[in-house]
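Colleague: Got a sequence here, can you model it:
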Amino acid sequence: MDQVSGLDISKNRKAQKYSRAVQLRRVLWALGKVVFRMVPRPFYAPRRMILRAFGARVGRHVNIANTATIYFPWNFEIGDWSSIGERAMIYNLGKVTIGERATVSQGAHLCAGTHDFSDPATPLLTPPINIESQAWICADAFIGPNVTVGEGAVVGARAVAVKAVEAWSVVAGNPATFIKMRKLKQVE
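Modeller: The predicted model follows:
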């Protein structure tokens, strides 16, 4: 144990964080990810197929940019007509679920992994993230572990959401706070 800080980093590093099956998947995905990135931007269908081949549940008409990072495809689910923008990071050590017609904009970061900082060995925790249908995670926003963004909610650009976001609300800032309710214009 580190006598200065009280943290037991050696125990953390020795801990088996992933099963052998997951480790094998990670090795294979390291290769699959290269192909995913090589598919030119307008060709979304091949990227959907690659993600499905690695265990992701990907709906119809989903657009995912080739510069987005899906850390563990087998922990990823996204509904029909949803999209993930350039440089978005889906750090899905835990399950990340995105509903239908939802948007994760460029540079957004969904982080479904953390550590128990009260434990000297800081073990890995993998709480899920749930982005419900029609929600919009704006550019460079951060969504923390164990957060649900309700249906139709908007998390503003560069906001930091570490608590649940109510359905059809608009939040912004760090930490994200309620701004107003989202109302859609009626289309004639």
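
Colleague: How about stretch 83-101, which residues are buried there?
Modeller: Buried residues in stretch 83-101, counting neighbours by 16 or more other C-beta atoms under 10 Å, are found at 83-85, 87-101. The way it works is simple: take the backbone N, C-alpha and C, and place the C-beta from them, glycine included.

Colleague: Quote the end-to-end distance of it.
Modeller: 8 Å (C-alpha to C-alpha, to the nearest Å).

Colleague: pLDDT weak spots in the chain?
Modeller: Scanning the chain for pLDDT under 70 picks out 1-5.

Colleague: Would you state the helices of it in chain order?
Modeller: Using DSSP state H, the helices of the chain run over residues 9-14, 20-38, 44-53.

Colleague: Who are the contact partners of residue 94?
Modeller: Going by C-beta atoms under 8 Å, 6 or more residues apart in numbering, residue 94 touches 75, 112-113, 125-129, 145.

Colleague: Quick check: the two most widely separated of those?
Modeller: For the contacts of residue 94, the maximum inter-member distance is 13.8 Å, found between 75 and 125 (C-beta to C-beta).

Colleague: Neighbour count for the two, which is higher?
Modeller: Between residue 75 and residue 125, counting by other C-beta atoms under 10 Å, residue 75 is the more crowded of the two (20 against 16).

Colleague: And for the more buried one, nearest residue in space, chain neighbours not counted?
Modeller: Closest residue to residue 75 apart from its sequence neighbours, by C-beta to C-beta, 6 or more residues apart in numbering: residue 92 at 4.4 Å.

Colleague: Neighbours of residue 144, how many?
Modeller: Residues near residue 144, counting by other C-beta under 10 Å, number 19.

Colleague: For it, give me phi and psi.
Modeller: phi -80, psi 170 (degrees, to the nearest 10).

Colleague: what sits against it?
Modeller: 111, 114, 129, 160-162.

Colleague: ok, for residue 167, nearest residue in space, not its chain neighbours?
Modeller: Closest residue in space to residue 167, ignoring its immediate chain neighbours: residue 150 at 3.3 Å, by C-beta to C-beta, 6+ apart.

Colleague: Touching, the one you found and residue 132? I think so.
Modeller: Yes - under the criterion of C-beta atoms under 8 Å, residue 150 makes contact with residue 132 at 5.4 Å.

Colleague: and for the two, which residues touch both?
Modeller: residue 167.

Colleague: Please report how far the residue lying closest to residue 36 once chain neighbours are set aside lies from residue 86.
Modeller: Leaving aside its sequence neighbours, residue 36 sits nearest to residue 50 (C-beta to C-beta, 6+ apart; 5.0 Å). Going from residue 50 to residue 86 by C-beta to C-beta, to the nearest Å gives 17 Å.

Colleague: same deal with residue 59?
Modeller: Applying C-beta to C-beta to residue 59 and residue 86 gives a distance of 20 Å.

Colleague: With residue 107 instead?
Modeller: In this view, residue 107 and residue 86 are 7 Å apart by C-beta to C-beta.
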